[in-house]
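Visitor: Provided below are the primary sequence and the corresponding predicted coordinates.
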Amino acid sequence: MENHFPVEKFQAIETPFYYYNMQLLEDTLQVIKEESEKYGYHVHYAVKANANKKILETINSYGLGADCVSGNEVSASIEAGFPGNKVVYAGVGKTDKEIITGLKNNIGCFNVESIPELEVINELAEKQGVVANVALRINPNVKANTHHYITTGLEENKFGIYIWDLEKVMDKIEELDHVNFKGIHFHIGSQINDLDSYKQLCVRVNELQELFKQRRAIPQIVNVGGGLGIDYENPDENPMPDFKAFFKIFDDFLELEEGQEVHFELGRSVVCQCGTLISKVIYVKEGVNTHFAIVDAGMSDLIRPALYQAYHKIENLSSDQEDEKYDVVGPICESSDCFGKAVTLPKTSRGDIIAIRSAGAYGEIMANQYNLRQLPKAFYSSDL
Ligand code: LLP
């Protein structure tokens, strides 16, 4: 049984809720800071993983930038204290309103994914009387070994500019007066544990750099995206990924020109392990082949198992009796509202506290109100 959760305090709080271990978040940020600074790398936090205000403020206090994918994420980052020049904005479908939000906040860079988008940013920047920094998001066609829903760097994905269109896009940038070519951007996917994928990305980036060198348009920023995976099976043994090995891959394999900066956009690896979804067992019901532990959290609170068949470790924090097997399910009217099948748990009863681990990334932020449920609240170790 885990002992680092304040279980007695949990008893007094209405479930379900997200619990954030702020010390672990800070320890993780400290390691990221130390390991990236060794090489002078810049890390932006991918806000999409978790836009909780307190978490954003903590991340900002360690000097990371913010990587945003919507106008609202840009605004939330600015409100949490990130300086505009450390905010980057990516996304295939930026609306005019969202672009204007970025321009007004003087953000560091727009990561651009198509020629029509480039033209609109140019037009809106002209109206605002500014010049927008842009980086080209290039589809590197590198296969990341991960779930197909979350690979992004392949030609068949909707993301980025194809390599064979780059010359055309660069010609376009040169024609436009209100965009300034600042960098190149890549992202190969998410929950990547095989560092070899990043080595392949470095090789591809090195090849592409030649094209820019020939045009004498050296990108100042080389943004290699995010995607570093975490250990969902063993959150206690591996509370953070091997950031040291991760950054070293880029130092070993990326060939840089004088003055080029390397940027990263890490989401999951920053916040995942510090978050846990806490719920209570409402009923234990005997099924035909299994016991059902029916908990008060559902797929509306944490959609990853239903959406991606994602594994999250489940623990009973209240019992230390003999192990049994349970299907841990939520109250929502969908069969996919299941957090785990045949999960080994100590004998479980009504009222027991259940922890669904590694839920800090793409958990609270993807919650919804299906079945007219309340959105989950958040509590922090530093406040309990
Ligand atoms: N940069 C770009 C351009 C991205 O598309 C993403 C994630 C990131 C950075 C951050 O990736 P991370 O370091 O967090 O892996 N909802 C899914 C994950 C979707 C990821 C989308 N893009 C999940 O729950 O697994």
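Guide: Great, that's in hand. Residues are numbered from 1 along each chain as shown.
Visitor: ok, which stretches of this protein are helices?
Guide: In the chain, the segments counted as helices under DSSP state H are 7-11, 22-37, 53-61, 71-79, 96-104, 115-128, 166-175, 196-214, 243-253, 268-271, 304-308.
Visitor: now, of those helices, which is deepest in the fold?
Guide: With neighbours taken as mean count of other C-beta atoms under 10 Å, those reach their highest mean count in helix 268-271, at a mean of 28. All C-beta spots, glycine's among them, are computed from the backbone N, C-alpha and C.
Visitor: send the alpha carbons of it over as PDB?
Guide: Extracted C-alpha coordinates of helix 268-271, given in PDB (Å, rounded to 0.1, in the frame of the first residue of the first chain):
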ATOM      1  CA  ARG A 268       3.500  14.800 -20.300                       C
ATOM      2  CA  SER A 269       7.000  14.200 -18.900                       C
ATOM      3  CA  VAL A 270       6.700  17.400 -16.900                       C
ATOM      4  CA  VAL A 271       3.300  16.900 -15.200                       C
END
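Visitor: what's that helix in contact with?
Guide: 25, 28-29, 32, 45-46, 49-50, 55, 59, 64, 190-191, 226-230, 240-241, 243, 360-362 (C-beta atoms under 8 Å, 6 or more residues apart in numbering).
Visitor: so which of those are also by the ligand?
Guide: Checking those against the ligand by C-beta under 6 Å from any ligand atom, the ones in range are 46, 49, 190-191, 226-228, 361-362.
Visitor: tabulate the helices of the chain (TSV), appending mean pLDDT.
Guide: Rendered in TSV, the data for these read as follows (pLDDT from 0 to 100):
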stretch	mean pLDDT
helix 7-11	95
helix 22-37	98
helix 53-61	98
helix 71-79	98
helix 96-104	98
helix 115-128	97
helix 166-175	96
helix 196-214	95
helix 243-253	98
helix 268-271	98
helix 304-308	97
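Visitor: got the residues of the stretch 251-384 of the chain near the ligand?
Guide: With C-beta under 6 Å from any ligand atom as the criterion, the stretch 251-384 of the chain meets the ligand at residues 265-269, 304, 308, 361-362.
Visitor: so where is the chain shaky, pLDDT-wise?
Guide: Within the chain, the ranges that satisfy pLDDT under 70 run 1-3, 143-157.
Visitor: ok now stretch 103-116, how far from the chain's centre?
Guide: In this view, stretch 103-116 has its centroid 20 Å away from the chain centroid, taken as C-alpha atoms, centre = their mean, to the nearest Å.
Visitor: quick one, what contacts the closest residue to residue 324 other than its chain neighbours?
Guide: Among residues not flanking residue 324 along the chain, residue 347 sits closest, at 5.5 Å (C-beta to C-beta, 6 or more residues apart in numbering). Contacts for residue 347 were tallied using C-beta under 8 Å, 6+ apart; they are 319, 321-324.
Visitor: name the nearest of those residues relative to residue 19.
Guide: Taking C-beta to C-beta as the measure, residue 319 is the one of the contacts of residue 347 closest to residue 19, at 18.5 Å.
Visitor: just give me the neighbour total for the closest one.
Guide: 19 (other C-beta atoms under 10 Å).
Visitor: what's it sitting at in phi/psi?
Guide: Torsion angles at residue 319 (phi, psi; degrees, to the nearest 10) stand at phi -120, psi 150.
Visitor: hmm, it is touching residue 348, no?
Guide: Yes - with contacts counted by C-beta atoms under 8 Å, residue 319 reaches residue 348, the gap being 6.0 Å.
Visitor: quick one: which of the ones next to the ligand among the contacts of helix 268-271 sit in strands?
Guide: Judged by DSSP state E, the subset of those located in strands is residue 46.
Visitor: just put the ones next to the ligand among the contacts of helix 268-271 in TSV and tack on distance to residue 334 and neighbour count.
Guide: Shown next, in TSV, are those (distance: C-beta to C-beta, whole Å; neighbours: other C-beta atoms under 10 Å):
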residue	distance to residue 334	neighbour count
46	28	28
49	24	26
190	24	24
191	24	22
226	30	24
227	29	29
228	31	25
361	23	26
362	19	24
